[in-house]
Structures are given as C-alpha cells and as structure tokens.
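# take a look and give me a structure for this.
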Amino acid sequence: MALPTAFLTRMERLLGEEYPDFVRAMEGPRAFGLRINPLKEPQTEPPFAARFGLHPVSWAREGYYYDPETRPGRHPYYEAGVYYIQEPSAMAVGALADPKPGERVLDLCAAPGGKTTHLAGRMQGEGILIANEIHPGRAKILSQSVERAGIRNCMVTNETPQRLADRFPGYFDCIVVDAPCSGEGMFRKEEIAVTEWTEDAPVKCAARQDEILDCAVSMLRPGGRLVYSTCTFAPEEDEGSVQRLLDRYPEMQVETVPGDAHFAPGRPEWTENGHPSLAQTFRLFPHRLDGEGHFAAVLRKTDGQTGRAPALAQCLPDKKIPGEYRTFESENLRVKFKNLTLCGDQLWALPDDLPDGNGLRVLRQGLQLGTVRKGRFEPAHALALALRAEDALRVIDLPAEQPLVERYLRGEAIPWEGENGWTLVLTDGYSLGWGKTSGGMLKNHYPKGLRWK
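This is a model prediction of the structure:
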C-alpha cells in the first residue's frame, strides 16, 4: 500500500539525505520478534532457540527475532505463556523502564499487554504492578495477556487516567506511558495504520498525550521515573510532547540513560524551542535497525510531594477462608497462597500491599485461584499458568511436538493412567492448564474460549 504523500513530504524534509534509506526500509520486509517470559523460562539461552530460528534483539535481553515460517504464535509454548509475540522495537520500552523487584509500577496505556508482561518479568513477582487500559474490549485482552504470562502481582484496571490520578497521587516509582498516537511507525506492519492516518492526526494525538502525561506526572513519587513512548515519527508527538511536559513541570528532567547503538538520538531541532536534553531521548528508525518506528524518553521527577498511601485491599482472616478451597489445596497443591479474598464466588490471592480497588473498574487483582461453589472448588486457568511442575501433586507432561498436546488444546480427553484428581497439564515442563483424572482418562478443563480449532 502506498504511504500518504503528506507523511512522505514531511519525512523527506526532516531526514534530508537519510530519506532514501528510510523509504526503502518502509517498503521492505519487516522483522518478527518474541520476548521470553522469565517467569516461565529463566534461561537466557532458551532451549527451543533452534526450533524458531531465534537470534537476539540487542536492546532487550529477553528479546529475540524469529523466523516467521516457524509460527511460534501457533505453538503450545505460546499458550503456556513461555514467550510473548512482540514487535522488536517495542521491546525497547520495557528495557528502558527496567523496573526492579519490589517497586510500584504503573503501565498507564497497557493493552494488549506487551509492555505489562515485560515489566512483570523484570519485577520477578515482587512489588505492585498496575496495568490500565481505558477501552473495555482492549482491557479484556490485556487481562488475558497477564493471565497467560502467569503474573501474580498485577492489578488490571479499566479506567481513565484521571480517575487513577485521583486515587494514586505521588504513589508510583515507575510509570510507563506508551501513548495512543498517529501510528506512523506501524505503517509497514499494519495496513490499517495507513488507511486511518490523516494529516492532522499528530496534532490531535499530541493534545491527548499532554492530558495523559499530566495524570502520569501527578502519580509519580519524587525521584520516580517516567518512560514515555510512541510508535510514530511525528515530532509533535515525540520530542514535542516531551518539550511541552518540561515546560509545564520544571521538576521533570530528561534522564540520561544508555541506549542501544542502533538507536538514533532525539532531535531537539524538530520542535519549537527544543531543550538540548531532548537529544537524550531515543528514536528507532527502520532504516537503522531491524524493527518498526518508535520514540522513547526516560524522565525523572526531581521534586514534589509523596502522596498519602492508599488504603490496602482487605484479605480474609484464616477462619473465613472457604473450606472448599482448603480441601482443594491440601489434596492438589504443594504450595500455599496467602492474602486471600473473595469477590462474589471468585477467590483471589493478592500480592502484599495491594491497594484497595473499591470504586475502580478492576478486571484482575493478583492471582485468580478459582471458583468457590457449594461443596467444591474449581481451580482457575490462571492458577494453572502460574504454577510450576513442582507446585502440584499430580502432573502430566505432554511433549510439544507430539499429537497429544494438540488434542488437549482442542479440548479433547486424554488417555492417562495417573492417580485420580485434579492434574496440572504441562508441555515440556511448562504449565498449560488443568485436567481431571478419573478411570484412566484425563477429562479436559482447558477453557473453551481458548481451544484450538
């Protein structure tokens, strides 16, 4: 599909002698990437590298290019959350944020979940991660991504930035704003990005970005860092958004952090009265690296007030924990979960110090353990994906390259002479879902909405 003439005219003016290389790259093939989930596969050299023709993405230690003919998105490992299919340039955002275990982290515009799952992997299950998406349908996709990755310390919300800002002033150590933008960096990857683009889109998006960033700054604690990113080339949305932020908030400064050798520096001269520190931001151009177009900046809040700590979510006292769950736990698990709470008939295990979500639209709060029904407990798919083989009393491991695992993913019963009871289904050691063994068969409990066709 032909690129918009107004877009090309602007890029020729900005890039000068680099412009022919840029156009050739935009008209050429794109790269394909996946990011290993360290919550599932801690090895830096995954054992399945040859299976997908993996080779490293230099700016993200979890990132790899893959051969698209190997179709890793249609493999049991994907369903087990062993990796996340992510465009290589997009991996730069989580790598620059680099949250540490124990921090309070917010992914403010989080769907479909690429950045959230990247942040969670680096947090190693410690601290509080809130992933927010304003659009309800996309928030459900985000929640599914969190579930598949086996993340235990995440709250998924479907809120406006302003409502979160009212609840969490001065609270977060790190906030990621991968802002809604005109999407020019995705022209090569997604045809719809070209057809939906208009010449005035950058100006409209920039105004919305300013509003989102105002909320983000108010939620950042003094000393906290803000990572701002877009997937567009438009200066109004990139260096321009950062410059306007610096103008509004003198306490915010561009942080000098190491980038990758393939990243280009930001261009202060592409925006009005551009501060020299904009050169410490990053532009990812498709003619300079194997990836799509992105912009990223890391900023630090140097002053301000720490907000009052929000109320914490309430947990059930031991005597109120449903007996149905305690029976399931003793008969099926080698691990015990703490900080349990009931929402209707759904039992959750909350991370330590999780803020109270009352009054917010919350889709997920920590780890969903399952459903409490009179006389029985049915474990959630999320629980299976968060467990390791050693956490369950009964397991069945189905090799990924053999037909039985596909039969399981299609929802079929599997012949199995194991001990009767709930059984954690694995594929090559990675948790995949639940089955229930009875009379030499494994009854399938893989969710109907996820089954292969």
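# first-to-last residue distance for stretch 216-235?
For stretch 216-235, the separation between the terminal residues is 21 Å (C-alpha to C-alpha, to the nearest Å).
# buried ones in it?
For stretch 216-235, the neighbour count (16 or more other C-beta atoms under 10 Å) marks 216-221, 224-235 as buried. All C-beta spots, glycine's among them, are computed from the backbone N, C-alpha and C.
# can you check stretch 46-65 too?
Neighbour counts over stretch 46-65 (16+ other C-beta under 10 Å) mark P46, F48, R51, F52, L54, V57, W59, A60, E62, G63, Y64, Y65 as buried.
# okay but C231 is in contact with G185, surely?
Yes. The criterion here is C-beta atoms under 8 Å, and C231 meets it with G185 at 3.9 Å.
# where do the contact lists of those two overlap?
Here C231 and G185 share the contacting residues S89, E292, G293, H294, F295, scored by C-beta atoms under 8 Å, 6 or more residues apart in numbering.
# widest-spaced pair of these?
When the shared contacts of C231 and G185 are compared pair by pair using C-beta to C-beta, the farthest-apart members prove to be E292 and F295, with a separation of 11.3 Å.
# contacting residues around C154?
For C154, the set of contacting residues under the criterion of C-beta under 8 Å, 6+ apart consists of T116, A120, L129, I130, A131, V146, P351, R364, G366.
# re the thing from before, which of the shared contacts of C231 and G185 ranks first by neighbour count?
Neighbour tally across those (other C-beta atoms under 10 Å): the maximum, 31 neighbours, falls on S89.
# what residues does that residue make contact with?
Taking C-beta under 8 Å, 6+ apart as the definition, contacts of S89 comprise G185, C231, L284, L289, G291, E292, G293, H294.
# and those as JSON lines, adding distance to R35?
Formatted as JSON lines, the entries for the contacts of S89 read as follows, by distance: C-beta to C-beta, whole Å:
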{"residue": "G185", "distance to R35": "18"}
{"residue": "C231", "distance to R35": "16"}
{"residue": "L284", "distance to R35": "16"}
{"residue": "L289", "distance to R35": "16"}
{"residue": "G291", "distance to R35": "13"}
{"residue": "E292", "distance to R35": "15"}
{"residue": "G293", "distance to R35": "19"}
{"residue": "H294", "distance to R35": "15"}
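# what's opposite the closest residue in space to P322 that isn't next to it in sequence in the beta bridge?
Excluding the flanking residues, the one nearest P322 by C-beta to C-beta, 6 or more residues apart in numbering is V372, at 4.7 Å. Note on V372: beta-bridge partners by DSSP bridges are F377.
# just to revisit the earlier point, now, the buried residues of stretch 216-235 that are in helices?
Assigned to helices by DSSP state H, the following of those qualify: A216, V217, S218, M219.
# for those, which one is nearest D247?
Of these, the one sitting nearest to D247 (C-beta to C-beta) turns out to be V217, at 12.3 Å.
# you'd agree that closest one is up against P250?
No. Taking contact to mean C-beta under 8 Å, the distance of 11.3 Å between V217 and P250 leaves them out of contact.
# run through this structure and note the low-pLDDT ranges.
Counting by pLDDT under 70, the chain contains low-confidence ranges at 1.
# now the helices for it?
Going by DSSP H, the chain shows helices at 5-15, 19-27, 49-52, 76-79, 91-97, 114-123, 136-148, 161-167, 191-196, 201-219, 239-248, 323-332, 381-386, 403-409.
# got the angle between the longest one and helix 239-248?
Helix 201-219 runs at 40 degrees relative to helix 239-248, counting by axes from the mean of the first three to the mean of the last three C-alpha atoms, to 10 degrees.
# list the buried residues of helix 201-219.
Of the residues in helix 201-219, those with enough neighbours to count as buried (16+ other C-beta under 10 Å) are A201, P202, C205, A206, Q209, I212, L213, C215, A216, V217, S218, M219.
# would you mind measuring from the fifth one to M26?
Pointing back at Q209 there. 23 Å (C-beta to C-beta, to the nearest Å).
# in strands, which of the contacts of S89 fall?
In strands, defined here by DSSP state E, the members of these are L284, H294.
# which two of the contacts of S89 have the greatest separation?
C231 and L289 (14.0 Å).
# contacts only, for the residue sitting nearest the centre point of the chain.
With the centre of the chain defined as its mean C-alpha position, the nearest residue by C-alpha atoms, centre = their mean is T116, 2.4 Å away. When the contact criterion is C-beta under 8 Å, 6+ apart, the partners of T116 are D107, A110, L129, A131, L142, S145, V146, I151, C154.
# out of the residues you listed, which is nearest to L8?
Within the contacts of T116, the smallest distance to L8 is 31.9 Å, found for A110 (C-beta to C-beta).
# name the nearest residue to the closest one, sequence neighbours excluded.
In space, not counting the residues next to it along the chain, A110 is nearest to A131; the distance is 4.1 Å by C-beta to C-beta, 6+ apart.
# D303 too?
Spatial nearest neighbour of D303, chain neighbours left out: E251 (4.0 Å); criterion: C-beta to C-beta, 6+ apart.
# can I assume the one you found is in contact with L299?
No. The pair E251 and L299 fails to qualify as a contact (C-beta under 8 Å) at a distance of 10.0 Å.
# between the two, which one's more packed in?
Each of E251 and L299 had its neighbours counted (other C-beta under 10 Å), and the higher figure belongs to L299 (27 against 14).
# got the CA positions of stretch 437-451 in PDB?
As requested, the backbone C-alpha atoms of stretch 437-451 are provided in PDB (Å, rounded to 0.1, in the frame of the first residue of the first chain):
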ATOM      1  CA  THR A 437      -8.000 -37.700  36.000                       C
ATOM      2  CA  SER A 438     -10.600 -40.400  36.500                       C
ATOM      3  CA  GLY A 439     -10.800 -44.000  35.400                       C
ATOM      4  CA  GLY A 440      -7.800 -44.000  33.100                       C
ATOM      5  CA  MET A 441      -8.800 -40.700  31.300                       C
ATOM      6  CA  LEU A 442      -7.900 -37.100  31.800                       C
ATOM      7  CA  LYS A 443     -11.000 -35.000  31.500                       C
ATOM      8  CA  ASN A 444     -10.200 -31.800  29.700                       C
ATOM      9  CA  HIS A 445     -10.600 -28.500  31.600                       C
ATOM     10  CA  TYR A 446      -8.900 -26.200  29.100                       C
ATOM     11  CA  PRO A 447     -11.100 -23.100  28.700                       C
ATOM     12  CA  LYS A 448     -13.500 -23.400  25.800                       C
ATOM     13  CA  GLY A 449     -12.700 -19.900  24.600                       C
ATOM     14  CA  LEU A 450      -9.000 -20.700  24.200                       C
ATOM     15  CA  ARG A 451      -9.300 -24.100  22.500                       C
END
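# pull out the buried positions in it.
Neighbour counts using 16+ other C-beta under 10 Å place T437, L442, N444, H445, Y446 of stretch 437-451 among the buried residues.
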